[in-house]
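1. Okay, sequence plus prediction incoming.
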Amino acid sequence: MPPSPPADPPSGAHAEEASGGDAPFERLSSVSSVSDVTSLAGDSFGASGSQAETVKPASVAPPAPIGAAALVGVVLSDRYHVLSLLGEGGMGAVYLAEHTHMHKRMAIKVLHPEMTHLPEVVARFEREAMAAAHIEHPNVAAATDFGKLPDGSFFLALEYIEGENLREMLARGRLSLARTLSIVRQIVTALVRAHGLGIVHRDLKPENVMLVERDGERDFVKVLDFGIAKVPVGELTRGSSSKSPGAPVLTQAGMVYGTPEYMAPEQALGQEIDARVDLYSLGIMAYEMLCGARPFDDESKVRLLGKHVTAPVPPMSEMGGAEVPPEVAAVVLRLLAKEASDRTPDAKTLLEQLDGLTTLLVASGRLEGEAPDDPRGRAALQQPRRGRAV
């Protein structure tokens, strides 16, 4: 499963202000997911060996490709031999390529040439490259190169990942408690690193979580697609972030980015956001993994966003999660608090809580496996909550 093609232009992702009226969600009527581009199925990821052998490389990229498929067979930037087209969206395309010197397969995102005239689009593409390159975490798909082609289009070279995404896995039904905790914990470790750099993903969802087999582990997580991430470019280019790992990282109010099914209330309303929007999205995902259904759904995206803002979270026991231990349900529900100040404060605290949960569940015989060797975990579960109870 490759990374998503570059997202559609940002104008479609902004919440337009209502011209009048007092209804709280009028201005959400134009919101759409900026990642709503071509879905790439797992079996379409990559070319077979025989296909790769029949491709004859060209020396340079053509100045004006006619359609994304025109790049197949081309050598980009003198080192990436394009083997096949993996997927195409309104902003660009993703290709399977092989490095001509290292003979290593890569996923290459290429921005359509006409998009290079939109400064915000180019800046967002650069932010994605910077985020993926600086996080440097085993649970995040790595970026290794970024550059410009002769026709003016930009490209991003990413780690090539073969596996299935979490959405495909969930299509077969809800996950076991042990499997859910393992996947969630790996996502959280990636967030600890990203948030510590001031990077907020803003579009966590099952489609952006790949599961691969590595060293005998069947559910090794790779978080993908930082295409709409909030990235503190100035701080990263200075070599370090001046913010502490738990410090809020704010983005501009009035802008709405993300996928409605996993969008935090403050994100849906276009308010200032920080890293806690990622924790809310993760809470929706954890709920879905354990119950087989999301807490909120609606055919209308406007009504769906309204539910995130105002509707109480249905008890997991009523949504297919009757066997979920109450301690686990409590952690998930806290992530889904309407007010960011009522959620788990940061990913590092959540990681300690998850380790504490695992320790308790293993000790009580409700979870098979080994307890994490982290004495902070049990204490983290007993930390007093700030604000109202959830």
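-> Right, received. Where do you want to start? Residues are numbered from 1 along each chain as shown.

2. what's the burial count for Leu360?
-> A total of 18 residues lie near Leu360 under the criterion other Cβ atoms under 10 Å. C-betas here are computed from N, CA, C, even on glycine.

3. so which strand or helix has it?
-> In the assignment (DSSP states H and E), Leu360 maps to helix 347-363.

4. helices or strands up against that helix?
-> Where contact means 3 or more Cβ pairs under 8 Å, 6 or more residues apart in numbering; DSSP states H and E, helix 347-363 is packed against helix 177-196, helix 276-291, helix 326-335, helix 376-381.

5. residues in contact with Leu304?
-> 260-261, 296-298 (Cβ atoms under 8 Å, 6 or more residues apart in numbering).

6. Take those residues and keep only those in helices.
-> Assigned to helices by DSSP state H, none of those qualify.

7. Are any of those buried, and if so which?
-> Neighbour counting with 16 or more other Cβ atoms under 10 Å marks 260-261, 296 as buried within the contacts of Leu304.

8. Which of these sits closest to Met106?
-> Checking the buried ones among the contacts of Leu304 against Met106 by Cβ to Cβ gives Glu261 as the nearest, at 30.3 Å.

9. would you list every one of the strands in the stretch 101-250 of the chain?
-> In the stretch 101-250 of the chain, the strands defined using DSSP state E, counting those that start in this stretch lie at 105-111, 143-148, 154-159, 164-165, 209-214, 217-223.

10. which strands and helices sit next to the fourth one?
-> Strand 164-165 makes packing contacts with strand 209-214 when contacts are defined by 3+ Cβ pairs under 8 Å, 6+ apart.

11. Report the strands that pair with the strand it packs on, each with its relative direction.
-> strand 164-165 (antiparallel), strand 217-223 (antiparallel) (DSSP bridges).

12. what would those strands look like in TSV with mean pLDDT, mean neighbour count and distance to Val362?
-> Compiled in TSV, the strands paired with strand 209-214 are given as follows (pLDDT from 0 to 100; neighbours: other Cβ atoms under 10 Å; distance: least, Cβ to Cβ, whole Å):
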stretch	mean pLDDT	mean neighbour count	distance to Val362
strand 164-165	94	20	28
strand 217-223	92	19	18
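
13. Which of those strands sits closest to Thr100?
-> Closest to Thr100 of the strands paired with strand 209-214 is strand 217-223 (Cβ to Cβ; 24.7 Å).

14. pull the CA atoms of the closest one into PDB?
-> Output of strand 217-223 as PDB, limited to C-alpha atoms (Å, rounded to 0.1, in the frame of the first residue of the first chain):
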ATOM      1  CA  GLU A 217       6.000  -9.400  14.100                       C
ATOM      2  CA  ARG A 218       2.900  -9.400  11.900                       C
ATOM      3  CA  ASP A 219       1.500  -6.000  12.900                       C
ATOM      4  CA  PHE A 220       4.500  -3.700  12.700                       C
ATOM      5  CA  VAL A 221       3.000  -0.200  12.200                       C
ATOM      6  CA  LYS A 222       4.000   2.400   9.700                       C
ATOM      7  CA  VAL A 223       2.200   5.800  10.000                       C
END
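
15. can you state the direction angle for that strand and strand 154-159?
-> Strand 217-223 and strand 154-159 are oriented at 160 degrees to each other (axes from the mean of the first three to the mean of the last three Cα atoms, to 10 degrees).

16. Could you list the residues in contact with strand 217-223?
-> Residues from elsewhere that reach strand 217-223 (Cβ under 8 Å, 6+ apart): 139-141, 159, 161, 163, 179, 182-183, 186-187, 190, 201, 204, 208-214.

17. sorry, back to before: return the member of the buried ones among the contacts of Leu304 nearest to Pro315.
-> Among the buried ones among the contacts of Leu304, Phe296 lies closest to Pro315 (Cβ to Cβ), at 13.6 Å.

18. distance of that closest one from Ala143?
-> Distance, Phe296 to Ala143, by Cβ to Cβ, to the nearest Å: 33 Å.
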